[in-house]
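Novice: Sequence isn't available, so here's the structure alone:
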């Protein structure tokens, strides 16, 4: 049995940062949204009036489970995962499955509502809680040992496009320093926003806090070797960007941006093919397309599509039920909107 503890002090990051880094580094299933770089940046930018509620599980003195959470007080007391909104997976960082134990611990919390976002349907916590509603879908590609072996699985038309793109020796640079990360991120914001503005919308990264978050995060990510932020240039001009992240033996496709006027150059195909090849060369065994099962992702032949669920569990009969119903309605509206925008390739 684990010894469960909750950290609520203002210096919680400093208290567990070293152990957190080690747990993240040694956990094979770790994803970027569990990293200290991601969560710490999110907390700095989006905390507001929320209070930290960091759930830890220890075997003796060893940290086995870490689940950064937060408490909100109004209009009902809720316990939620840190990272909501930007993160594609919000699961406990754990050395081994501890779903039932963690679920029991969370359900004893002194709050009205337990609200967990973006939990993969087959995660031990989702299985233990049982009552999740689908929130998103994440296509996942299992990678072979060579890029050539992988391309043989593609359709004839995509295989031709990939071969043509690779033969052209595309001018692609991946950020390797904080300065390059900021430069590439500025290009990403511009190119991603162009697609939105062409449809009369502001864009997923137009809000100042979203940009502030990513400007801080990419510095930490490139310093930790987690960032794959690539820029494709044609005749010296940026025509495409791909924002990827790496954790363990997996590469994660977070988002991309392209110049609408450069569509004929196939920047999307070129950058995805390049990133998959980089992932294989770096020893990755998985390429995760993250949220959204749009046709352009499925064209790359992911073998599985992982449903993510949102778990709403009332812990107080009156206020908890009010919160559950309100959040369930909001979740349905969000899912409907997301499906509409994902179909246009606009949402991250």
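Specialist: Structure's in. What do you need? Fair warning: this is a prediction, and the values are worked out from it, not measured in the lab.

Novice: mind listing the strands for this protein?
Specialist: 3-7, 51-59, 62-72, 78-81, 93-94, 113-120, 132-142, 171-174, 227-234, 237-247, 250-258, 286-288, 304-314 (DSSP state E).

Novice: Could you check how far residue 130 is from residue 118?
Specialist: 17 Å (Cβ to Cβ, to the nearest Å). In this view, the C-beta of every residue, glycine as well, is placed from N, C-alpha and C.

Novice: Please name the residues that touch residue 16.
Specialist: 7, 54, 56, 63, 66 (Cβ atoms under 8 Å, 6 or more residues apart in numbering).

Novice: Reformat the residues you listed as TSV; add distance to residue 149.
Specialist: Formatted as TSV, the contacts of residue 16 follow (distance: Cβ to Cβ, whole Å):
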residue	distance to residue 149
7	46
54	43
56	42
63	39
66	37
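
Novice: Tell me the one of these nearest residue 313?
Specialist: Nearest to residue 313 out of these is residue 54 (Cβ to Cβ; 19.4 Å).

Novice: coming back round to it: list only buried entries from the contacts of residue 16.
Specialist: Buried members of the contacts of residue 16, scored by 16 or more other Cβ atoms under 10 Å, are 7, 54, 56, 63, 66.

Novice: Hmm, residue 123 is touching residue 99, no?
Specialist: Yes. Using Cβ atoms under 8 Å as the test, residue 123 is close enough to residue 99 to be in contact (7.0 Å).

Novice: So those two - more neighbours on which side?
Specialist: Neighbour comparison, residue 123 and residue 99: the larger count goes to residue 123, with 24 against 18 (by other Cβ atoms under 10 Å).

Novice: Tell me how far that one lies from residue 57.
Specialist: Taking Cβ to Cβ, one finds residue 123 at 15 Å from residue 57.

Novice: Also residue 152?
Specialist: To residue 57, residue 152 is 44 Å away according to Cβ to Cβ.

Novice: so who does the closest residue to residue 124 other than its chain neighbours touch?
Specialist: Of all residues not flanking residue 124 in the chain, residue 99 sits nearest, at 2.7 Å (Cβ to Cβ, 6 or more residues apart in numbering). Contacts for residue 99 (Cβ under 8 Å, 6+ apart) come out as 123-129.

Novice: Pretty sure residue 286 sits against residue 140.
Specialist: Yes. Applying Cβ under 8 Å, one finds residue 286 in contact with residue 140, separated by 6.2 Å.

Novice: center of this structure, which residue is that?
Specialist: residue 88 (3.3 Å; Cα atoms, centre = their mean).

Novice: who's in contact with it?
Specialist: By Cβ under 8 Å, 6+ apart, the neighbours of residue 88 are 31, 33, 118, 136, 138, 252, 254, 290-291, 308.

Novice: how about those residues, which pair is most distant?
Specialist: Farthest pair in the contacts of residue 88 (Cβ to Cβ) is 254 and 308. Separation: 14.9 Å.

Novice: need the contact list for the residue nearest to residue 270 when sequence neighbours are not counted.
Specialist: Counting by Cβ to Cβ, 6+ apart, residue 270 lies nearest to residue 165, which is 4.1 Å off, once chain neighbours are set aside. Counting by Cβ under 8 Å, 6+ apart, residue 165 touches 266, 269-270, 273-274.

Novice: and which of those is nearest to residue 41?
Specialist: residue 274 (26.4 Å).

Novice: Tell me how many other residues crowd that closest one.
Specialist: Residue 274 has 21 nearby residues by other Cβ under 10 Å.

Novice: do residue 23 as well
Specialist: Neighbour number of residue 23 under other Cβ under 10 Å is 22.

Novice: That one touches residue 95, doesn't it?
Specialist: Yes. Between residue 23 and residue 95 there is a contact under Cβ under 8 Å: 7.2 Å.

Novice: Give the intersection of the neighbour lists for those two.
Specialist: Contacts common to residue 23 and residue 95, judged by Cβ under 8 Å, 6+ apart, are residue 64.

Novice: dump the residue contacts of residue 310.
Specialist: Residue 310 touches 115-119, 132-133, 135, 331, counting by Cβ under 8 Å, 6+ apart.

Novice: Any chance of CSV for the contacts of residue 99, columns distance to residue 169?
Specialist: Putting those into CSV (distance: Cβ to Cβ, whole Å) gives the following:
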residue, distance to residue 169
123, 41
124, 46
125, 46
126, 45
127, 47
128, 51
129, 50
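
Novice: Sort out for me which of those residues are in helices.
Specialist: Mapping the contacts of residue 99 onto helices (DSSP state H) picks out 124-129.

Novice: Just list the residues touching the closest residue to residue 162 other than its chain neighbours, thanks.
Specialist: Distances taken as Cβ to Cβ, 6+ apart put residue 273 closest to residue 162, at 4.6 Å, once the chain neighbours are dropped. Contact analysis of residue 273 by Cβ under 8 Å, 6+ apart lists 162, 165-166.

Novice: Pick out whichever of those residues sits closest to residue 300.
Specialist: Distances from residue 300 to the contacts of residue 273, taken by Cβ to Cβ, are shortest for residue 162, at 9.5 Å.

Novice: and the gap between that closest one and residue 6?
Specialist: Taken as Cβ to Cβ, the span from residue 162 to residue 6 is 49 Å.
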